[in-house]
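>>> 3D model of this:
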Amino acid sequence: MSFSKINGGKNNRALKRLLFGILIALIIILCLPWTQNVSGNGRLTSLRPDQRPQSIQTVIPGKIEEWYVKEGDHVMVGDTIMRISEIKDDYFDPNLLVNVEDQIKSKESSVSGYMQKVEALDRQIDALNEGAKLKRSQQELKIKQSILKVQSDSMEFSVATSNAVIAKDQYERFKSLYEKGLKSETELEQREVAYQNARSKQVESENKLLIARQELTNVRTELNTISQDYRDKVSKAESDKFSTMSMLYDTEAQVTKLQSQYAGYSQRSGFYFITSPAEGFITRAIQTGVGETIKEGEEIVTLMPANYQLAVELMVKPIDYPLLSKGQKVRFIFDGWPAFVFSGWPGASSGTYGGLVVAIDNFTNEKGEYRILVAPDPNDVAWPPGIRVGAGARGMALLNNVPLGYELWRQFNGFPPNYYQAEEPKKP
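Here you go, the predicted model:
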């Protein structure tokens, strides 16, 4: 009653209407859709590793003799950047390749000579084996002849022995008859002469038999001597052959080594001119001057490829890493390009550009952040043509659409955004 008396009825109704309108507007605002996002800072890079800035290095140590480019020059593949000279005394000889080539030819001639010697020794070994076979055949024939002669002389000796025995018996009988007076002394003397002749023939045939047996022994001994002699000759020829083959293999190894050295020297001579590996622009000369020495593997200049496909290297915190996936959409603000951004309403933002996540690292950098690589979205507005590799960018990975009231409640309680996975395209 008191409040109604103090305030007029019209003012009260207006206040109620105002408060009710504010409440309705607040409820409407809290029900508005809000896009959750994960933000992070990054920089522009190229999508392919071979399109990123690179340094050109020297393969061999040397002394700078002449520059052919300057910073900012456009170079093509194979264009000469610098010429260096040799600083190692092993390669000072201007006729090094010619001398090594002469050594290779000389060693190859030696290899050819060793091969011919091996072939000659093979022929000699074959000839010795054939000669030994022929000599053994001849000696075996002599042995057969000696055996037959021994048999013949043995038979002759047997006959002579029988004749001597018969002549002796006859001589004994004639001697007995002579003593009885039945035979004359002349007949006895004839029988004695016959007996002596038979005895002489027996001794002669025995002597011939012994000589034949000795000849057989000598022929057999000569056969063993011939075999041993030819074995020694063949062994010596084979030893010479193996020694020659050993020298042949050693010389072939030297030829291979010299050929490898020649190839290395030939390759090294091509490294005196440092060329561009790709089309691009010389951005910075790391080595300067003429006459300075550089080490092998040392950087000379940096090269920015002329053709590249831009991408953004974005860094996110570990708490946001599980919310990211390949194919997820990202909005970007590039340094130097004006933008008007509502993080929760990407459709109402102006000056932002779209991208898609193409790669996510599985380890953190030294700052404890994860790196994701984002390429331009082909279904969105093309990125500005004036941006270059190395420029800064700020990205917002778009997650789920939720009411604004839920997002305020989530932020107030410190809950993480809703977990969202982008749908992977189905394989045909």
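>>> so where is the chain shaky, pLDDT-wise?
Along the chain, segments meeting pLDDT under 70 span 1-12, 29-38, 336-351, 397-428.
>>> how far away is P277 from S55?
Distance of P277 to S55, computed by C-beta to C-beta, to the nearest Å: 11 Å. (C-beta placed from N, C-alpha, C; glycine too.)
>>> Now do the shared contacts for these two.
Common neighbours of P277 and S55, counting by C-beta atoms under 8 Å, 6 or more residues apart in numbering, are L303.
>>> hey, where'd the strands end up in the protein?
33-46, 54-57, 62-67, 74-75, 80-85, 273-275, 280-285, 293-294, 299-305, 310-316, 329-334, 353-364, 370-376, 392-403 (DSSP state E).
>>> Including distance to K175, could those strands go into TSV?
Converted to TSV, these look like this (distance: least, C-beta to C-beta, whole Å):
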stretch	distance to K175
strand 33-46	142
strand 54-57	130
strand 62-67	126
strand 74-75	139
strand 80-85	127
strand 273-275	128
strand 280-285	140
strand 293-294	129
strand 299-305	134
strand 310-316	145
strand 329-334	152
strand 353-364	136
strand 370-376	143
strand 392-403	152
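>>> Looking at those, which is nearest to L15?
Nearest to L15, of all the strands of the chain, is strand 392-403, at 28.8 Å by C-beta to C-beta.
>>> circling back to that earlier point, adding distance to R13 and mean neighbour count, write the strands of the chain out as a markdown table.
Shown next, in a markdown table, are these (distance: least, C-beta to C-beta, whole Å; neighbours: other C-beta atoms under 10 Å):
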| stretch | distance to R13 | mean neighbour count |
| --- | --- | --- |
| strand 33-46 | 34 | 18 |
| strand 54-57 | 76 | 16 |
| strand 62-67 | 89 | 16 |
| strand 74-75 | 78 | 17 |
| strand 80-85 | 86 | 18 |
| strand 273-275 | 88 | 18 |
| strand 280-285 | 74 | 17 |
| strand 293-294 | 90 | 17 |
| strand 299-305 | 72 | 19 |
| strand 310-316 | 54 | 22 |
| strand 329-334 | 47 | 22 |
| strand 353-364 | 51 | 16 |
| strand 370-376 | 56 | 20 |
| strand 392-403 | 32 | 19 |
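>>> Out of these, which is closest to N95?
Closest to N95 of those is strand 80-85 (C-beta to C-beta; 16.3 Å).
>>> That closest one versus strand 280-285: what angle between them?
Angle, strand 80-85 to strand 280-285, by axes from the mean of the first three to the mean of the last three C-alpha atoms, to 10 degrees: 50 degrees.
>>> what's next to strand 80-85, contact-wise?
Contacts with strand 80-85, where a contact means C-beta under 8 Å, 6+ apart, come from 56, 58, 60, 62-69, 75, 272-276, 282, 294, 300-301.
>>> Skipping adjacent residues, who's closest to L96 in space?
What sits nearest to L96 in space, not counting adjacent residues and going by C-beta to C-beta, 6 or more residues apart in numbering, is Y265, at 5.7 Å.
>>> ok, the one you found - contacts?
Y91, L96, L97, V100.
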